[in-house]
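Asks: quick one: sequence plus predicted model below, questions after.
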Amino acid sequence: MLDGTSLLLSAQVDINKGIGLLGDNGSLADITKEVQKLQLQNESLSQTYSRLQTEQQTFKTILDTLGLTTGKTGADFLEFTDKLVTMAGGI
């Protein structure tokens, strides 16, 4: 239960900062669903959230620097980024 609470708190803080995991339209329920979906074995929900947020923010920075876009948003962008980073061996 504490792990779920930590996930929700981190997600809400990031939403308030304008860097919500699923962009402007992602609710806490949507974020929780995606985090559970992408959770790795032996990884807590809060660890998964942190990993996904790091992957996504790093990849967004790279795309912005290069002036590129994927055309994906929300959960589609999150899943695309996670697959790409996994294929590359991590950040």
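Replies: Perfect, thanks for sending it. None of the values given here were measured: they were computed from a predicted structure.

Asks: C-alpha from now on. contacts and neighbour counts both.
Replies: Fine.

Asks: which strand or helix spans Ala11?
Replies: Here Ala11, judged by DSSP states H and E, is contained in helix 2-17.

Asks: residues of the next helix or strand after that helix that come out buried?
Replies: Next along the chain after helix 2-17, taking DSSP H and E as the criterion, comes helix 28-38. For helix 28-38, a neighbour-count test (16 or more other Cα atoms under 10 Å) marks 28, 31-32, 34-35, 38 as buried.

Asks: also stretch 68-76?
Replies: Buried, per 16+ other Cα under 10 Å, within stretch 68-76: 74-75.

Asks: repeat for stretch 6-19
Replies: 7-8, 10-12, 15, 19.

Asks: and for stretch 38-56?
Replies: So for stretch 38-56, counting by 16+ other Cα under 10 Å, buried means 38-39, 44-53, 55-56.

Asks: circling back: can you lay out the buried residues of stretch 6-19 as CSV showing pLDDT and distance to Gly71?
Replies: Converted to CSV, the buried residues of stretch 6-19 look like this (pLDDT from 0 to 100; distance: Cα to Cα, whole Å):
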residue, pLDDT, distance to Gly71
Leu7, 93, 27
Leu8, 94, 27
Ser10, 96, 26
Ala11, 96, 23
Gln12, 96, 25
Ile15, 95, 21
Ile19, 94, 18
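
Asks: which single one of the buried residues of stretch 38-56 is nearest to Leu63?
Replies: Gln56 (10.4 Å; Cα to Cα).

Asks: just to revisit the earlier point, possible to save the buried residues of helix 28-38 as TSV with distance to Leu2 and pLDDT?
Replies: Shown next, in TSV, are the buried residues of helix 28-38 (distance: Cα to Cα, whole Å; pLDDT from 0 to 100):
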residue	distance to Leu2	pLDDT
Leu28	16	96
Ile31	17	97
Thr32	14	96
Glu34	18	97
Val35	15	97
Leu38	19	97
